[in-house]
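A.B. asks: Pasting the sequence and the predicted coordinates here, then a few questions.
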Amino acid sequence: METAGLTAMRHLDNIEPWAARAVTEMALLSGKTPPNLRTVLTDWPLVLAPMAMVLTGASRAAIQCNFAWMEARGLIREVTGQGRYRMWRIASQSVAAA
């Protein structure tokens with residue numbers, strides 16, 4: 001339980017610097033989806049595309065496009081290694097670079 005608590009605290013400590021970097025990098029993007037998706041990624045440790053669709057109100061195409069953009073810039077990483085049922089999380093290396 002202590003290890004899980006420390007892992008959660010470390011994740012929470014990383015969210016603020018990640019969010020600041022994401023705001024700066026995503027300033028180029030227009031629309032409501034990028035900031036809404038950023039909020040989802042800061043609120044949830046793992047995010048699936050269908051979950052992001054519901055929480056942001058965006059289409060699947062918009063979510064996938066934004067995920068691809070964010071992944072290409074090192075903001076998020078896909079953690080499942082699968083073609084289907086993929087999950088994303090904030091990229092810890094982006095936090096270290098901030």
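C.D. replies: Good, I have the coordinates.

A.B. asks: and residue 56, how many neighbours?
C.D. replies: Here the number of neighbours of residue 56 (other C-beta atoms under 10 Å) works out to 20. For the C-beta atoms, the positions are set from N, CA and C on the backbone; glycine is no exception.

A.B. asks: and it, what pLDDT?
C.D. replies: We note a pLDDT of 97 for residue 56 in this prediction.

A.B. asks: likewise residue 18?
C.D. replies: 92.

A.B. asks: Just confirm it contacts residue 90, I think it does.
C.D. replies: Yes - taking C-beta atoms under 8 Å as the definition, residue 18 is a contact partner of residue 90 at 4.7 Å.

A.B. asks: more crowded one of these two?
C.D. replies: Higher neighbour count among residue 18 and residue 90: residue 90, with 26 against 22, using other C-beta under 10 Å.

A.B. asks: Report the beta-bridge partners for that one.
C.D. replies: In this entry, residue 90 is beta-bridged to residue 76, by DSSP bridges.

A.B. asks: Show me the strands in the protein, by range?
C.D. replies: Using DSSP state E, the strands found in the chain span residues 47-48, 76-78, 87-90.

A.B. asks: I'd like those strands laid out as a markdown table, including distance to residue 32 and mean pLDDT.
C.D. replies: Formatted as a markdown table, those follow (distance: least, C-beta to C-beta, whole Å; pLDDT from 0 to 100):
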| stretch | distance to residue 32 | mean pLDDT |
| --- | --- | --- |
| strand 47-48 | 17 | 94 |
| strand 76-78 | 18 | 94 |
| strand 87-90 | 19 | 93 |
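
A.B. asks: Quick check: which of these has the most neighbours on average?
C.D. replies: Among the strands of the chain, strand 87-90 has the highest mean neighbour count (mean count of other C-beta atoms under 10 Å), at a mean of 20.

A.B. asks: which residues touch that one?
C.D. replies: Strand 87-90 is contacted by residues 14-15, 18, 22, 41-42, 45-48, 67, 70-71, 75-80 when judged by C-beta atoms under 8 Å, 6 or more residues apart in numbering.

A.B. asks: Fine by me, thanks again.
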